[in-house]
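Take this sequence and fold it.
(3 chains)
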Amino acid sequence: MPELPEVETIKRGLELVLPGKTIEGVDINYAGSIKAPSCEEFARQLPGLTFTGAGRRGKYLLLCLDDNSLLVVHLRMTGRLFFCESEIETDKHIHLKIIFKDGSRLYFHDVRKFGTIWWLPVSRACEIRGLAALGPEPLSADFDVSYFNSKTDRRSTNIKALLLDQTFVAGLGNIYVDEALHKSGILPTRPAKSLTTPERKKLITSVQEVLLDAISWRGTTFNDYRDAAGMSGQFQNRLSVYQRHHKPCLSCGTFICRTVVAGRGTHFCPSCQS
DNA sequence: AGCAGGACCTGATGGC
DNA sequence: TGCCATCAGGTCCTGC
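Residues are numbered from 1 along each chain as shown, chains lettered A, B, ... in the order given. Prediction:
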């Protein structure tokens, strides 16, 4: 599941190879991936454009083109975006191929077909509703205790659901929410508004530390995630609770529990978290 | 308005 | 061994 650290890792990889690449042609194998414009328009208008850079907002990848437009990619659950110097073997899960003038290629691969791609002028990026509604970046100074307080006043939801809410904070998913809650010693079922000020501070710091650590290990790979060069991440070897149920907590030895919170598989230590 | 739950999708897994 | 049901999860949508 690509979350912020995985998307950031892909962005950093693409930043090294995409700028200066001019599109020669586009092969669309699954029309459902392209949300805007129409496939015909997409395939007709991209050739001739040159990539100038790459950015990220939450889990959205923003690839900049020289006509002041953006190729926006959301990988959802199983999407991969990777660059190759030459053609690779055909795979039924490759839904889009962008071929560059120098023979290199950018592939979009997605087993579950949830991933989505838009191409639009920078000025119209706000029309992508999920992108426009994103909360602050968790690694920015905007994500602080006063912001947390302002958003929890009238909400009765639990802290896990709040952290998964992309309009509250952008880029967290199931893995890093479980990890950050463990690191901060807070149970996922706690009502968000019940957190004390020290707990809020600790949680914000934990979210940031977990994300920075995961970025430094190039993300978490279970089955599907790969970076822009097709490589796995390594953070799965550093996880404290996610997918570790029935294994001992690395801090206290108590067995990690699994339950469902906010409709998601949820992992926690019943001793370290309260 | 806020929240829960279903839909989307397909490979992996578990039970019979 | 093989078939079928269930599960995984990010976001959008619907309904309470």
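
Going by neighbour count, list what's buried in stretch A:194-206.
A:195, A:199-200, A:202-204, A:206 (16 or more other CB atoms under 10 Å). C-beta here means a position set from N, CA and C on the backbone, and glycine is covered the same way.

Tell me how far that stretch lies from the chain's centre.
Using CA atoms, centre = their mean, to the nearest Å, the mean C-alpha position of stretch A:194-206 is found 23 Å from that of the whole chain.

Output the longest helix along chain A as PDB, nothing but the C-alphas.
Counting residues, the longest helix found in chain A (DSSP state H) is helix A:197-216. Extracted in PDB, the C-alpha atoms of helix A:197-216 (Å, rounded to 0.1, in the frame of the first residue of the first chain):
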ATOM      1  CA  THR A 197      -1.900  17.800  25.400                       C
ATOM      2  CA  PRO A 198       1.300  15.800  26.100                       C
ATOM      3  CA  GLU A 199      -0.300  12.900  24.200                       C
ATOM      4  CA  ARG A 200      -1.100  15.100  21.300                       C
ATOM      5  CA  LYS A 201       2.500  16.400  21.200                       C
ATOM      6  CA  LYS A 202       3.800  12.900  21.500                       C
ATOM      7  CA  LEU A 203       1.500  11.600  18.700                       C
ATOM      8  CA  ILE A 204       2.500  14.400  16.300                       C
ATOM      9  CA  THR A 205       6.200  13.800  17.000                       C
ATOM     10  CA  SER A 206       5.700  10.000  16.600                       C
ATOM     11  CA  VAL A 207       3.900  10.400  13.200                       C
ATOM     12  CA  GLN A 208       6.800  12.500  12.000                       C
ATOM     13  CA  GLU A 209       9.500  10.200  13.300                       C
ATOM     14  CA  VAL A 210       7.800   7.100  11.800                       C
ATOM     15  CA  LEU A 211       7.400   8.800   8.400                       C
ATOM     16  CA  LEU A 212      11.000  10.100   8.300                       C
ATOM     17  CA  ASP A 213      12.300   6.700   9.400                       C
ATOM     18  CA  ALA A 214      10.300   4.900   6.700                       C
ATOM     19  CA  ILE A 215      11.400   7.400   4.000                       C
ATOM     20  CA  SER A 216      15.000   6.700   5.000                       C
END
